[in-house]
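1. Turn this into a model:
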Amino acid sequence: MKLYWQLFITFFRIGFFTIGGGYAMIPLIEKEVVDRRKWIVAREFIDMLAMAQSAPGVMAINTSIFVGYKLKGTKGSIAAAVGCALPSFIIIVLIATFFVDMRENPTVNRIFKGIRPAVVALIAAPLWRMAKSANINYKTILIPIAVIVLIWIVKVPPAYVVGLSILGGLAFGTFKRR
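-> Got it, this is the predicted structure:
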C-alpha cells in the first residue's frame, strides 16, 4: 500500500509543480523515478518514453502509467496516472474560475511571455538527453531529420510515420538476423 501512495504523491508533485505540459515533466519524472527513487533504470525509461510517445494520450500521463504498471501492475498505473492528472484538473478548474477576469491583464500576459522560454528549455533538455541515451550519431541523425521533414514540411500524418517506423524496424531486424 505504501508504494501506491508513493506513486500517487510522486506524480502529483511532478504534475503540480511543472509548467509546460507533458514534455516539460519528462526531466522531472526521469530525475525522480530513475535517479532519486531508482524504480527503473535509464534504458527502461527511454523505452517507456518511446512507448508513451507512440501511445494515444498525454505523454506525461502515459509515462506515469508505464512506470506505475512496471512497479505495481494495474493498480500502480492507476495510482500514478491519477496523481499525474489530478493537479492539471485542479489548476484548470481554478483558472476557469478566476482567469476569465485576468486574461486581458497586461501583467498576466507579461508573466506568460516570460515563462515561454523556460518551457522551451524544459522540453529541449530531455530531448538532448534522450538523443544521447539513444546513441544518435552522424549516421543515425538522418532518421530524426527525415521524420521532421515528413511531419513538418511534407505534412505526413504522425500516425503514418509511426507505422512506417514500425515496419522499417521490423524489416531492419529481419535483415540483420539473416
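
2. Once you drop chain neighbours, what's closest to Arg37?
-> Distances taken as Cβ to Cβ, 6 or more residues apart in numbering put Thr10 closest to Arg37, at 7.2 Å, once the chain neighbours are dropped. All C-beta atoms are positioned from the backbone trio N, CA, C, and that covers glycine.

3. Next, count neighbours for the one you found.
-> For Thr10, the tally of surrounding residues (other Cβ atoms under 10 Å) stands at 24.

4. Now it: which helix or strand?
-> Using DSSP states H and E, the secondary-structure element containing Thr10 is helix 2-17.

5. tell me what that helix is packed against?
-> Counting contacts by 3 or more Cβ pairs under 8 Å, 6 or more residues apart in numbering; DSSP states H and E, helix 2-17 packs against helix 22-30, helix 59-102.

6. So which helix or strand of this protein has the lowest pLDDT on average?
-> The helix or strand of the chain with the poorest confidence is helix 106-133; it has a mean of 79 (mean pLDDT, DSSP states H and E).

7. Now the next helix or strand after that one: average pLDDT?
-> Proceeding N to C from helix 106-133, the next assigned helix or strand is helix 142-148, under DSSP H and E. Helix 142-148 shows an average pLDDT of 86 in the prediction.

8. Can I get the next helix or strand after helix 142-148 in PDB? Just the C-alpha atoms.
-> Using DSSP H and E, the helix or strand that follows helix 142-148 in sequence is helix 158-177. Once non-C-alpha atoms are left out, helix 158-177 reads as follows in PDB (Å, rounded to 0.1, in the frame of the first residue of the first chain):
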ATOM      1  CA  PRO A 158       2.400  11.300 -37.500                       C
ATOM      2  CA  ALA A 159       0.500   8.000 -37.300                       C
ATOM      3  CA  TYR A 160       1.800   7.100 -40.800                       C
ATOM      4  CA  VAL A 161       5.300   7.900 -39.700                       C
ATOM      5  CA  VAL A 162       5.000   5.700 -36.600                       C
ATOM      6  CA  GLY A 163       3.600   2.900 -38.800                       C
ATOM      7  CA  LEU A 164       6.400   3.200 -41.300                       C
ATOM      8  CA  SER A 165       8.900   3.300 -38.400                       C
ATOM      9  CA  ILE A 166       7.500   0.100 -37.000                       C
ATOM     10  CA  LEU A 167       7.600  -1.600 -40.400                       C
ATOM     11  CA  GLY A 168      11.100  -0.300 -41.000                       C
ATOM     12  CA  GLY A 169      12.300  -1.500 -37.600                       C
ATOM     13  CA  LEU A 170      10.800  -5.000 -38.300                       C
ATOM     14  CA  ALA A 171      12.400  -5.100 -41.700                       C
ATOM     15  CA  PHE A 172      15.800  -4.000 -40.400                       C
ATOM     16  CA  GLY A 173      15.600  -6.600 -37.600                       C
ATOM     17  CA  THR A 174      14.800  -9.300 -40.000                       C
ATOM     18  CA  PHE A 175      17.500  -8.300 -42.400                       C
ATOM     19  CA  LYS A 176      20.100  -8.000 -39.600                       C
ATOM     20  CA  ARG A 177      19.300 -11.500 -38.300                       C
END
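
9. Thanks a lot, catch you later.
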